[in-house]
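J.: Here is my input; please provide its structure:
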Amino acid sequence: MHLAQDTLETRRPPGGFDFEADLPRFAARYRTLWWSASTSQPDLGAEISWWRQRRNQGRIDRFADRLEGEILDYPAGDADRHAWSVRMRTVLRSFGDSVLPLSEIERQIIFSDAYFDATARFAGEARAFDPDLKLHDLSQALRNVWIMHLLQLLLEKELSYTPSILAYSLLYPYTDNHLDRPDLTPGAKLDFCRRLERRLTGDRLRPRDAHERSVFRLVSVIESQYPRSEFPDVYASLLAIHRAQTDSLAQQERRPCEAEILAVSVEKGGASVLADGMLVGGNLSRDEADFFFGFGVFLQLADDLQDLEQDLAAGHETVFSRCAGSRWAGVRPLDHLVNRLVHFLDGVLGSHRFSADRFAVLRSLIRNSCLQLIIQAAGQAPRHFTRRHLRRLQRHSMTRFSYLRKKGGRLERRYRKLDRSLSSRETSIGSIFEALG
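T.: Residues are numbered from 1 along each chain as shown. This next block holds a predicted model:
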């Protein structure tokens, strides 16, 4: 990763950190934490009985039916839409109370009116920015939006929509997905990366096409909230994630060793959530930045686990696809890597400023949500795990893995159809998320 920030102001706020000095330390710290994390069976929390899993599956099916009915009955006039939104929030809360393996106070956070309001505001602003934004890209952006709102709570700020949350959350689908396009040559991708880097350093480039125009506009939105002279670390963080993405792109053109694969994942994941934190806080303490970097590393590794089958098909190298695709995969399944990922998460959550008692509920919410993310990802890639390990993971899953594999794709397609139904009607609403406002 390139760390020189020649075009940025060097003034740092009291208690802040220096990218050039601290970012390599963060990367080294979390590489070491990964390799030192145990591969023994981790604590996965309370088991969920077979009967409750079956009950959850029925509730998920009924919720999908209810959601479909509510969307088809979405009112055409403004007068009834508020009542519809209130009713839908109640339906979602009831569903979460009955299915999600979270405590009541944890559910109150993610189903709060503040979360609903901020989600709906983002969805509306995203559609205003790009009326042609696809539902897949909006959903992808919303995952980052929800992370940024969680960081607002960790930084003890009001949970709310901001222009920078819009801009950074849309930058990912606009840039990373663009770089994944198979019709673009490696030279064209590299040229785009170079031009975006120049724009991130403050160079006022004239966009060459509609895609660049949108990307550069998003950078301008961030500049409107965070002036460069006052918030140099914001732009250092954006450059860090951009350069990590570029390094990741270059890695796919060759076969890196295992240490190189981990290094790129650490830099890309850590820089991504560090940028989230910077755009939420403007400035961070060293401990805050360290934690956000580590949390980002975990999320990147978890995302790699979720994308295992796609990465194997595309020939993309990650910690998980390298092991699963090797000739040793038949005798060395991914059990140990999933165990290590859980222990790594506990290592991230068990240190830093956010270990204080007042953050206990947020730490528990993060851990429980991340455990389900890991468990569901493993359940959808059963050929890479031993039966014994899958049985153990399944005892902590919200549903049976067979239901997940059978119904998961079907529910996703049904959801997309419902969302298209809402957006195609003569209303001012573009998606389910926006309708919650």
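J.: So what's the predicted local confidence for Arg327?
T.: On the pLDDT scale, Arg327 is placed at 45.
J.: going forward can the numbers begin at 20, since that is how I track them
T.: With the count now opening at 20, the last piece we talked about shows up as Arg346.
J.: quick one, helices of the stretch 20-169 of the chain?
T.: 38-55, 69-91, 97-118, 123-129, 132-148, 154-173 (DSSP state H, counting those that start in this stretch).
J.: Could you say which one of these comes nearest to Leu455?
T.: helix 132-148 (4.6 Å; Cβ to Cβ). C-beta: built from backbone N, CA, C; applies to glycine.
J.: Now that closest one: buried residues?
T.: Neighbour counts over helix 132-148 (16 or more other Cβ atoms under 10 Å) mark 134-146 as buried.
J.: just these now: which is nearest Arg106?
T.: Phe135 (12.4 Å).
J.: Which of the buried residues of helix 132-148 sits closest to Asp210?
T.: Taking Cβ to Cβ as the measure, Ala145 is the one of those closest to Asp210, at 27.0 Å.
J.: you'd agree that closest one is up against Ser158?
T.: No - in this structure, Ala145 is not within contact of Ser158 by Cβ atoms under 8 Å, at 10.8 Å.
J.: now the stretch 20-169 of the chain, which segments are flagged as low pLDDT?
T.: Along the stretch 20-169 of the chain, the model assigns pLDDT under 70 to residues 20-35.
J.: and Phe148, what is it in contact with?
T.: By Cβ atoms under 8 Å, 6 or more residues apart in numbering, Phe148 lies in contact with Leu185, Leu189, Ser233, Arg236.
J.: typed the wrong thing, it's Gly366
T.: Neighbours of Gly366 in contact, by Cβ under 8 Å, 6+ apart: Leu52, Ala56, Gly313.
J.: Among the residues you listed, which one sits closest to Ser68?
T.: Distances from Ser68 to those, taken by Cβ to Cβ, are shortest for Ala56, at 29.5 Å.
J.: How about the contacts made by the closest one?
T.: Arg359, Leu360, His362, Phe363, Gly366 are the contacts of Ala56 under Cβ under 8 Å, 6+ apart.
J.: before we move on, what about Tyr193?
T.: By Cβ under 8 Å, 6+ apart, Tyr193 lies in contact with His230, Ser233, Val234, Leu237.
J.: how much space is there between the second one and Arg414?
T.: Think Ser233. 46 Å (Cβ to Cβ, to the nearest Å).
J.: how about Glu175, secondary structure?
T.: What DSSP: H, G, I helix; E, B strand; the rest coil gives for Glu175 is coil.
J.: okay, now it: neighbour count?
T.: 8 (other Cβ atoms under 10 Å).
J.: Then the one 3 residues further on?
T.: Applying the criterion other Cβ under 10 Å, we find 17 residues in the vicinity of Leu178.
J.: give me phi/psi at it?
T.: Torsion angles at Leu178 (phi, psi; degrees, to the nearest 10) stand at phi -80, psi 110.
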